[in-house]
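**Q** one predicted model, sequence on top.
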Amino acid sequence: KAGVTQTPRYLIKTRGQQVTLSCSPISGHRSVSWYQQTPGQGLQFLFEYFSETQRNKGNFPGRFSGRQFSNSRSEMNVSTLELGDSALYLCASSLPSSGNEQFFGPGTRLTVL
Amino acid sequence: AQSVTQLGSHVSVSEGALVLLRCNYSSSVPPYLFWYVQYPNQGLQLLLKYTTGATLVKGINGFEAEFKKSETSFHLTKPSAHMSDAAEYFCAVSKNTGTASKLTFGTGTRLQVTL
């Protein structure tokens, strides 16, 4: 079974631009979560989608948004990029109940210049 | 609110020595607890998890952890370290409420294994 895939793996953007990251979950997984990883703040939860609905949201500004499609693929968008948005963005998929393992993708490394 | 504290941002052990990575949690509801490992330039891989039942949990690569409710701890151990164990380890907690999947992570412990 194929794992979680994220595209692109690396991105370089400039301040003020916007970016869209993509995540394809493991086949059969309908829950997709996004996390931001930075050296200063560590791993922080962004949001979770299940059946095309946002089910959970972390403490991030409205510039961070996401969506999920009917095939469970998910995208996250960051508008008006700031230098502090430079991070590794990780996507994880799981079966919908809590306690189930979240399978992580390799991440997208975003650098904002 | 839930939180996780990992004591020691860096731990160094000799190859063949015991590995002990500490994790304490805070949760207002019965928690689910996880240990993940991250190798450079990779995502996170689950080592083991505690949901219900037996408090001593065995995971992959010879790791195990014991859930101690009285101490609110979930320390990770491995009897004999191998060079390939060098990586960053994250303890995480989620709510045992049926549908919530949000993971709250600790700050991580970087394990160094020396010859």
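**A** Looks like it came in fine. Since we're looking at a predicted model, the values are computed, not measured.
**Q** in space, what's closest to the residue nearest to the spatial centre of chain A - neighbours in sequence excluded?
**A** Nearest to the mean C-alpha position of chain A, by CA atoms, centre = their mean, lies A:Trp34 at 3.3 Å. Once flanking residues are discounted, A:Trp34 sits nearest to A:Leu46: 4.1 Å by CB to CB, 6 or more residues apart in numbering or on different chains. In short, each C-beta sits where N, CA and C put it, glycine included.
**Q** the one you found: what's it in contact with?
**A** Residues counted as contacts of A:Leu46 (CB atoms under 8 Å, 6 or more residues apart in numbering or on different chains) are A:33-36, A:57-58, A:60, A:64, A:66, A:76, A:89.
**Q** 6 Å - rerun?
**A** Contact analysis of A:Leu46 by CB atoms under 6 Å, 6 or more residues apart in numbering or on different chains lists A:34, A:36, A:58, A:60, A:64.
**Q** do the same with B:Tyr39
**A** By CB under 6 Å, 6+ apart, B:Tyr39 lies in contact with B:Ala87.
**Q** what's the worst-scoring helix or strand of chain A on mean pLDDT in contact with?
**A** Here the helix or strand of chain A ranked lowest by mean pLDDT, DSSP states H and E is strand A:53-57, holding a mean of 90. For strand A:53-57, the external contacting residues (CB under 6 Å, 6+ apart) are A:47-48, B:102.
**Q** got any ranges where the chain has weak pLDDT?
**A** Since no chain was named, I'll use chain A. A:1, A:96-99 (pLDDT under 70).
**Q** wrong one, I was asking about chain B
**A** Within chain B, the stretches with pLDDT under 70 are B:96-100.
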